[in-house]
Structures are given as C-alpha cells and as structure tokens.
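Chemist: Test case, fold it:
(one chain, ligands or ions: 4)
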Amino acid sequence: MYAVKEMFLTLQGEGVNAGARAVFVRFAGCNLWSGRERDRASAICRFCDTDFVGVDGLGGGRFVDAMALVAAVEAHWGQGTERRFVVLTGGEPMLQIDDPIVEALHAAGFRIAVETNGTLAAHPGIDWVCVSPKAGSTVVQTRGDELKLVWPQAGIDIDELESWHFANRLIQPMDNAAGAANTEAAIALVMDRPNWRLSLQTHKLLGLR
Ligand SMILES: C[S@@+](CC[C@H](N)C(=O)[O-])C[C@H]1O[C@@H](n2cnc3c(N)ncnc32)[C@H](O)[C@@H]1O
Ligand SMILES: Nc1nc2[nH]cc(C(=O)O)c2c(=O)[nH]1
Ligand code: SF4
Ligand SMILES: [Mg+2]
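Modeler: Ligands and ions are numbered 1, 2, ... in the order given. Presented below is the predicted three-dimensional model:
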C-alpha cells in the first residue's frame, strides 16, 4: 500500500531537468517534519513549501500495489510512450519507494527521477537522483545526478557539500517572505563559486503546479 498526497502532469520546474514534461507523484509523509504547522518551528526542516499530509489531493489516494500506482501514472501521462518521465517526490519519497514501484515504472517505459532529502539511501534503480540537503540532518546519499541546495540555510558547510559526488550542483533560492533577498544571495553565491548553478522554481513563476 502506498500513500500518495497528489499526482499531476506538469513540467519539471526545478533543476537540470527544468522544462521537461513529467508526471509528479507526491508521496505523503516526511521524516524531517510532520507537515503540521504547529510542529514547524521544532522540525528539522522548517522551510518546506509543500503540503504532503494525507492522501486527499488531486490525483492522490491509497494505492494497493505498484501496478495500481503505475496505472495511475500512465493515465496521467496520457497518449504516447516516448520520453515517459516520472518525478517521485513528497514528502520524502524514499520512505515508500521500493523494488516493485521501480520495476513497474520501468516496465511501463518511464525514466524515473526522485526528489529526496538524502537522509535515506536512494533506490539504486532510480535514473535521476536529486538530493536536497537540510541543515541539521544526516545525509547518507552523498552521490547522484543533482545536488540542489536551498539557500540560504544556516548550518550548511558548502565546502563539505563540494566533496560529495554529484554531476551537477545547484543553488535554489528559499521561497519565503525574504524571497527577493534569498535570490540575490543565491546569485552572489554562484558568482563566487562557478561550480554551482542557479535553479529557479520556474513552475511558480509560470503558475504551473
Ligand atoms: C518538497 S521537497 C520534497 C522532496 C524531499 N523531501 C526533499 O526535501 O528533497 C521538493 C523540493 O523542494 C525544495 N523546497 C522545499 N521548500 C522550499 C522552499 N521554501 N523554497 C525553495 N525550495 C524548497 C526541497 O529542498 C526539494 O528540493
Ligand atoms: N512543476 C513542479 N516542479 C517541481 N520540481 C520539484 C517539485 C517538488 O515539489 O518536488 C516540483 C513541483 O511541485 N512542481
Ligand atoms: S525534507 Fe522535503 S518534504 Fe520534508 S519538510 Fe523538508 S522540504 Fe518538505
Ligand atoms: Mg514543490
């Protein structure tokens, strides 16, 4: 049984794959925050922009097995088997991703990306691993395709992150009341460190989901 908050077809808004057509599966639940506002100030991750509590969102629900989940992903993709692309996110998707999900998505022809906080090992079958580290957590997934650091975050050692093994390093401005200043700080960091690139949440700029 898998608990999914919502499922939707959109464009990947963030990171190296920004602009790609993708089905998003937002798994319910996270290990760094309960998702309840009253717990936010005491959570490990306090800046989350996402509601991942429950299974009541559009396209969400409880899926009895991987076949049921993948049937829903295929229905959201619609016609065509070319360039099938699914982004597994949450919440923390690695709490629920298992062999049957990865095998069934691959059998249906999907390239699989994951958005994870890196505190749990990513499933080895995933095709694109994006890790977004959170200050105060212990990251075990220190390699992958994309390291996406939300900025600014007190308590992050950028030099340490640069010793990890990622093909791409991205800085993403934190979306909060200080959004404009955060974008300035992110730009300044990239100007200072050319081995990082700017990632904008383009879906928010475009009004997409
Ligand atoms: C909601 S998280 C879900 C996946 C996973 N739990 C994680 O943190 O990577 C999806 C992405 O949004 C980023 N994110 C969350 N809140 C944000 C915010 N306020 N501003 C910018 N990015 C944010 C996360 O760092 C992560 O890269
Ligand atoms: N369009 C779109 N792109 C995204 N990239 C990462 C997202 C996420 O919440 O994990 C996200 C999202 O929620 N929407
Ligand atoms: S780890 Fe990801 S889903 Fe969990 S609270 Fe932080 S940003 Fe949100
Ligand atoms: Mg999001």
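
Chemist: so what does the longest helix anywhere in the chain touch, helix or strand wise?
Modeler: Here the longest helix in the chain is taken by residue count, with DSSP state H as the criterion, and it is helix 179-192. Under the contact criterion of 3 or more C-beta pairs under 8 Å, 6 or more residues apart in numbering; DSSP states H and E, helix 179-192 touches strand 143-151, strand 165-173, strand 197-198. Bear in mind the C-beta positions are built from the backbone N, C-alpha and C, glycine included.

Chemist: Please name the bridge partners of the residue nearest the centre of the chain.
Modeler: Using C-alpha atoms, centre = their mean, the residue of the chain that lies closest to the mean C-alpha position is E115, 2.5 Å off. Taking DSSP bridges, one obtains C130 as the residues bridged to E115.

Chemist: hmm, the strand or helix carrying I112 touching ligand 1?
Modeler: Following DSSP states H and E, one finds I112 within strand 111-116. Yes - using C-beta under 6 Å from any ligand atom, we find that strand 111-116 touches ligand 1 at E115, T116.

Chemist: is ligand 3 contacted by that strand?
Modeler: No - taking C-beta under 6 Å from any ligand atom as the criterion, strand 111-116 and ligand 3 are apart, separated by no less than 7.7 Å.

Chemist: Roughly how far does I156 sit from ligand 1?
Modeler: In this structure, I156 and ligand 1 are 12 Å apart, going by C-beta to the nearest ligand atom, to the nearest Å.

Chemist: Grab the CA positions of the longest helix of the chain and hand them over as PDB.
Modeler: Written as PDB, here are the backbone C-alpha positions of helix 179-192 (Å, rounded to 0.1, in the frame of the first residue of the first chain):
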ATOM      1  CA  GLY A 179      12.400  35.600  -1.300                       C
ATOM      2  CA  ALA A 180      14.000  38.500  -3.200                       C
ATOM      3  CA  ALA A 181      16.900  38.700  -0.800                       C
ATOM      4  CA  ASN A 182      17.300  34.900  -1.000                       C
ATOM      5  CA  THR A 183      17.500  35.100  -4.800                       C
ATOM      6  CA  GLU A 184      20.200  37.900  -4.500                       C
ATOM      7  CA  ALA A 185      22.200  35.700  -2.100                       C
ATOM      8  CA  ALA A 186      21.900  32.700  -4.400                       C
ATOM      9  CA  ILE A 187      23.200  34.700  -7.300                       C
ATOM     10  CA  ALA A 188      26.000  36.000  -5.200                       C
ATOM     11  CA  LEU A 189      27.000  32.500  -4.300                       C
ATOM     12  CA  VAL A 190      27.100  31.300  -7.900                       C
ATOM     13  CA  MET A 191      29.200  34.400  -8.800                       C
ATOM     14  CA  ASP A 192      31.600  33.400  -6.100                       C
END
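
Chemist: So for that helix, what gets flagged as buried?
Modeler: Within helix 179-192, the residues that qualify as buried by neighbour count (16 or more other C-beta atoms under 10 Å) are N182, T183, A186, L189, V190.

Chemist: With stretch 189-206 instead?
Modeler: By neighbour count, with 16+ other C-beta under 10 Å as the criterion, the buried positions of stretch 189-206 are L189, V190, W196, S199, L200, Q201, H203.
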